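Chemist: Give me coordinates for this.
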Amino acid sequence: SWQQMVLQQVANVLYQHRIHIRSAFRMFDVDNSGTITAEEFRHGLGTINSLLDKPLSSDQIDGLLHALDRDHDGSLSYSEFFDGFKIVDTRLSE
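Modeler: Residues are numbered from 1 along each chain as shown. From the prediction side, this is the model:
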């Protein structure tokens with residue numbers, strides 16, 4: 001899906017800039033609540049957006065949030081965030 005492709009691209013940007021997923025979660029979780037609200041996600045991804053080959057529209061960012069939010073509570077837990085941004089080794093499929 002397009003969400004998985006974009007998540008992979010964001011994960012690669014984080015990796016290239018040596019930003020660990022845990023650090024990225026803390027960067028997104030501005031109020032240190034332990035969850036990332038929709039607004040925090042939009043803001044955090046907006047910061048990374050300029051580093052992507054094709055910047056995301058606000059609709060795409062909301063689509064990613066929806067795809068990551070497995071329990072549909074409107075925010076992301078660490079496990080939802082971590083599982084969504086795991087780097088997939090694409091060499092395994094070659």
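Chemist: Give me the contact list for the helix or strand hosting residue 8.
Modeler: Residue 8 is part of helix 2-16 when elements are defined by DSSP states H and E. Residues from elsewhere that reach helix 2-16 (CB atoms under 8 Å, 6 or more residues apart in numbering): 20-21, 24, 45, 48, 51-53, 56, 60, 63-64, 67-68, 84-88, 90. Yep, even glycine has a C-beta here, placed from its N, CA and C like the rest.
Chemist: helix or strand right after the least confident helix or strand in the chain by mean pLDDT?
Modeler: Within the chain, confidence by mean pLDDT, DSSP states H and E is lowest for helix 2-16 among all helices and strands, at a mean of 79. Using DSSP H and E, the helix or strand that follows helix 2-16 towards the C-terminus is helix 21-28.
Chemist: which element follows that following helix toward the C-terminus?
Modeler: strand 36-37.
Chemist: neighbouring contacts of that following strand?
Modeler: So strand 36-37 is contacted by 25, 28, 29, 31, 44, 74, 75, 76, 81 (CB under 8 Å, 6+ apart).
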